[in-house]
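# sharing a model that was predicted from the sequence below.
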Amino acid sequence: MDFLKNAVAHGKQMITMCMGFGCNAAGCVGCRIIDSPRERLIAILTNNFVPCNGRFPFLITVATVFIASTVSGFGSSIIATLSVILVILLGIVLTLVVSKILSKTILKGMPSSFVLELPPYRKPQFGKILFRSIFDRTLFVLGRAISVAAPAGLVIWLFANLGINGQSLLSIVANFLNPFAQFLGLDGYILTAFIFGIPANEIVLPIILMCYLGGKSLVNFEDTATIGQILMQNGWNMLTAINVMIFTCLHFPCTTTLLTIKKETGSLKWTFISFLLPTICGIIICMFTTLVYHVLF
């Protein structure tokens, strides 16, 4: 019976985790299907360990530019794909490991009860299903995203256009963070882009390119070769690419997800913990890969 209880708990968590691949905020809302408050909280706290669709373009771009270049021909596409899959698997493994740790420590408790009961059959009410899916989930997430995007865009613009002694505020922040970023195998501009990209993961790469090019507004290029050339001209190597992919998967949730977690848990404490958990894991793993890289090479 305990095995069945654990299987049900993990099964529901895996469902919500899969929803997180589309959007971590939607994955947190989807945790409502978990009956146990304790298990629901664990699923919410660990949902951000898997990359949402906003992080995949960055992962694919870095893998294409740096990982694929190590092999010529058709094998380059395969090794780039495998590198992205490995990062995803790392997130999934950490989801399970951290969930286990939480369930044995600060969220210790019994698994939820398992009841095998067939509900009464009812004719599907498509109008009600459509209404609830749109207003309870889609518009809820979109509304929070819009409320965050506008002020965040203004803040990024101000930091890029205002400066002291001819140096933009964005560059000042990047130079301040650079020593710590070096321990992670990154640089100050990359870490700054992740911090200012908290409103939406999609803008992390445009912020990095804006910083490197000294621009005053977000820039984006469709040509992967052009992006790769800019990154390599600014000191990116294989270590940088690997750690960027790791940190892209393992860093704090976006603002929309954080607001959703706050609404679902009703607690600033758990929202803060959900911010810390993936970020600490990302920092530790990036430090480890940097140490190993310097020892070997």
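Everything's here; your move.
# could you check how many residues crowd around residue 282?
The number of residues packed near residue 282 is 22, by other Cβ atoms under 10 Å. (Glycine included, C-beta is placed from N, CA and C.)
# tell me which element it falls in.
Using DSSP states H and E, residue 282 falls within helix 268-296.
# so what does that helix touch, helix or strand wise?
Counting contacts by 3 or more Cβ pairs under 8 Å, 6 or more residues apart in numbering; DSSP states H and E, helix 268-296 packs against helix 37-46, helix 75-104, helix 238-249, helix 255-265.
# try 10 Å
Helix 268-296 sits against helix 24-30, helix 37-46, helix 75-104, helix 169-183, helix 238-249, helix 255-265, with contacts defined as 3 or more Cβ pairs under 10 Å, 6 or more residues apart in numbering; DSSP states H and E.
# wait, which of these is closest to residue 225?
helix 75-104 (13.2 Å; Cβ to Cβ).
# so where's the stretch 1-150 of the chain uncertain?
1-15, 109-122, 124-150 (pLDDT under 70).
# if you set the cut-off to 80 instead, what comes out?
Where the stretch 1-150 of the chain drops to pLDDT under 80, the residues are 1-20, 22, 33, 35, 70-75, 108-150.
# now do the SS call for residue 123.
Classification of residue 123 using DSSP: H, G, I helix; E, B strand; the rest coil returns coil.
# meant to ask about residue 51
Under three-state DSSP, residue 51 falls in the coil class.
# burial of it, as a residue count?
22.
# residues in contact with residue 215?
Contacts for residue 215 were tallied using Cβ atoms under 10 Å, 6 or more residues apart in numbering; they are 160, 161, 168, 170, 206, 207, 209.
# wait, what's in contact with the first one?
Yep, that's residue 160 we're talking about. 168-171, 196, 207, 210-211, 214-218.
# one more time with 6 Å
Counting by Cβ atoms under 6 Å, 6 or more residues apart in numbering, residue 160 makes contact with 168, 170, 216.
# and what of residue 59?
By Cβ under 6 Å, 6+ apart, residue 59 lies in contact with 84, 245, 248.
# okay if I get those residues as CSV plus distance to residue 179?
As requested, the contacts of residue 59 are exported to CSV (distance: Cβ to Cβ, whole Å):
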residue, distance to residue 179
84, 30
245, 22
248, 21
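# just those now: which is nearest residue 272?
Checking the contacts of residue 59 against residue 272 by Cβ to Cβ gives residue 248 as the nearest, at 21.5 Å.
# mind listing what that closest one touches?
Residues in contact with residue 248 (Cβ under 6 Å, 6+ apart) are 55, 58, 59.
# next, the closest residue to the first one other than its chain neighbours: phi, psi?
Spelled out, it's residue 55. Spatially, and ignoring its direct neighbours in sequence, residue 55 is nearest to residue 201 (4.7 Å; Cβ to Cβ, 6 or more residues apart in numbering). Here the main-chain torsion angles of residue 201 (degrees, to the nearest 10) amount to phi -60, psi -20.
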